[in-house]
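>>> Next come a sequence and a model predicted from it.
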Amino acid sequence: MATKIQKTPPAKKREKQEVDKKKKSANPRGANQTKKTSSAVGQVQEASSVSAAKSLKKQSSARTKKAIRNAENKIAKEASQQAKQIQANPAETSGKITASKKTASKKTGKAPVSKNNTRKAPANSRGANQTKKTGKQASRQWPATKKKSSTIKPGEKPPIVKSPKHAEDNYYKIVQSKKLTPQQSVDPPVRSFLKAIEKYIHNDLFVDKNASILICVSGGVDSVTLLDVLAVLSVTYCFKLYIAHFNHQLRGKNSEEDKAFVKELAKSYGIPFFSESANVAQYVEKNSLSIEQAARSLRYKFFERIAVRHKANLVAIAHSLDDSAETFLINLFRGSGLTGLSGIPSRRKFVKDTYLIRPFLKHKKSEIIRYARKRNLEWREDESNKSDDFTRNRVRNDLLPKLQKDFTPAIIEILNRTARHLNGADSFISEYVSDRLQYLVVDKTSDRFAVKLPLLGTYNEFIQGEIIQAALSKYYRLPIQSFNVIDRIIGLNKSPVGAICEVGDNIIVLRDRQLLIFSRKRDTFDFDEVIDTTGKFGIGRMKLILEEVGRKDVIFTDNPNVEYFDMEFMPRKLQLRTWRKGDIFKPIGMDGSVKISDLLTNLKIPLIDKQDVLVLSDRIDIFWVCGQRMGEKYKISGKSKKVLRAEYVNNQ
């Protein structure tokens, strides 16, 4: 048995010291003798304590080593049993292994060693091998990082795991039935097609991971294949996908069946579906467009609305290499200039922060069909594609096959190569034209703009045509115009003032003195009403404000839209109307009268604005050409007491 070493409490020690002090003061000689005696006793006790400590250390060390060996043997036995169970169900055993490691650490007094916790205690840790004065062994260990067990106790809720950013955005997860089968994943045509599209959209179209894409699906093989390809690539790129379908209502029941087919297709892929219908035939009559132009206009406006509403940053359309060759030939026959011969762009700005992309633009129709068949896709055939009523169908079904047969089988590739070269030239010229457009275009409003004729005439006819084409596209979003239209507009430069050229049924170009004025057509403006002396009166885009003010409130300025008149002899009713040919007017400061038409000419009012000019009269004499010049009649004098303030402002 080891002797237990006891330590004298501090209180008793102080009490003993006080007693010894009293004895010493009472018997100094005996004090020295007592000191010697207590010193001898202390040495004996100290020797006894050291001997007992050595004995305790040996026994304690033996017990500790034995406990460690037993714990290690038990751990090895448990690990051997659990290793056999891991293959059957790893999830169930992971928690047990973690628990056993914690148990071992308690038994051995050592922290479990892991890859993430390799730090060791200092080599000279005094507390690790010393016995505390209380007789208990100190096992000072380096703290280990605690690992959370993966097991969940019965009735306990699983931990909440925060999803990555794209998961929070609900990116598309392809349904099991639409995944590539093992056979398809190794099929060379399928693999090569997917790899080519993946490389193209990443390197050329700049499509990043987590992109939000609106897929335009008509139900034909091209758009159905595009949908499938983007769904498959979404496994890697985590796209957020939408499907949009536009019903042109041109084929009756077949159009409705196309819509139902695409809706069911979207459901099978688990992708949100949006559709809209419009009567293209009525739109054609109203806007005097071809069926193809009207259908495209309505369709793209619908795609714009859906893209903006759902914040899609990309709109994907399934145009192929064949479509680009057809467009090249159509624009060549139409005479659309360099821009039209540049082919279909693979990527362009669509609306706001959204871009329109064409992932199939480098692939022929035959490649798309081959992929669709390998993937066992279903699609609908549009019977109208076989009709020769449309220019594109005649080019597709008649001209291109004839060129392939009689000239070269590679005609599609040749036409697209030519378009790419012209596109490079067009990009350079477009940048040049865009830089100069800001100096050429003036008087820009929502429905009109003007081009400086003298400056336009400094360029050659080709650049003039590109400038006009760019202006029509930028301010009216018009498609590429034919050579005939552009030449007629340029010809106005040599025409007399007042000459007009029509661009479609909605735009007119007017030759003014120093300007070519482009404007949307408006109904003929004719206004004639009797009004009160005071009040507010709306006239189309303008508003007339009449109010009585004091003489001290009169402030004359150079603004022709604000004038002051003497009300003293003015009638209670006035006439506001559009000016007419033959109207005469006596401007303030002049002895005689002038014709309104001559006045407007002298003031250099554009011809297109003359029809909007109003005059204010007392139903006998005109005393104000609104916003232009006031008359001699009713002018303010030093004797004027009642004053009418008239203001002519924009009502928008």
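Noted; the coordinates are in hand.
>>> which of the residues in stretch 507-514 are buried?
Neighbour counts over stretch 507-514 (16 or more other CB atoms under 10 Å) mark 507, 508, 509, 510, 511, 512 as buried. In this view, the C-beta of every residue, glycine as well, is placed from N, C-alpha and C.
>>> Name all residues that make contact with residue 490.
By CB atoms under 8 Å, 6 or more residues apart in numbering, residue 490 lies in contact with 461, 464, 465, 468.
>>> Mind putting the residues you listed into CSV with secondary structure and distance to residue 529?
Listed next are the contacts of residue 490 as CSV, based on DSSP: H, G, I helix; E, B strand; the rest coil; distance: CB to CB, whole Å:
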residue, secondary structure, distance to residue 529
461, helix, 48
464, helix, 45
465, helix, 46
468, helix, 40
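>>> Let's see if you can find the most crowded of those residues.
Tallying neighbours with other CB atoms under 10 Å puts residue 468 at the head of the contacts of residue 490, with 24 neighbours.
>>> That one and residue 459 touch, don't they?
No - at 10.6 Å, residue 468 does not count as touching residue 459 under the criterion of CB atoms under 8 Å.
>>> Contacts only, for the residue lying closest to residue 514 once chain neighbours are set aside.
Nearest residue to residue 514, sequence neighbours excluded (CB to CB, 6 or more residues apart in numbering): residue 453, at 5.6 Å. By CB under 8 Å, 6+ apart, the residues touching residue 453 are 493, 511, 514, 515, 516.
>>> Which single one of those residues is nearest to residue 264?
residue 516 (52.7 Å; CB to CB).
>>> tell me which element the closest one is part of?
Per DSSP states H and E: residue 516 is located in strand 515-520.
>>> And the average pLDDT for that strand is what?
Mean pLDDT, computed over strand 515-520, is 91.
>>> Next secondary structure after it?
strand 528-532.
>>> What is that following strand packed up against?
Counting contacts by 3 or more CB pairs under 8 Å, 6 or more residues apart in numbering; DSSP states H and E, strand 528-532 packs against strand 542-549, strand 573-578.
>>> need the contacts of residue 453 in CSV with distance to residue 210, can you?
As requested, the contacts of residue 453 are exported to CSV (distance: CB to CB, whole Å):
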residue, distance to residue 210
493, 52
511, 53
514, 53
515, 49
516, 47
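>>> If we only consider the contacts of residue 490, which is nearest to residue 446?
Among the contacts of residue 490, and counting by CB to CB, the member closest to residue 446 is residue 468, at 19.7 Å.
>>> just to revisit the earlier point, I'd like the contacts of residue 490 as a markdown table, with pLDDT and distance to residue 552 appended.
A markdown table is the format used below for these (pLDDT from 0 to 100; distance: CB to CB, whole Å):
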| residue | pLDDT | distance to residue 552 |
| --- | --- | --- |
| 461 | 91 | 62 |
| 464 | 93 | 57 |
| 465 | 92 | 60 |
| 468 | 94 | 54 |
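>>> buried residues in stretch 546-563?
Within stretch 546-563, the residues scored as buried using 16+ other CB under 10 Å are 546, 562, 563.
>>> Does the last one fall in a helix, a strand, or a coil region?
Right, the one you point to is residue 563. At residue 563 the chain is in strand, as set by DSSP: H, G, I helix; E, B strand; the rest coil.
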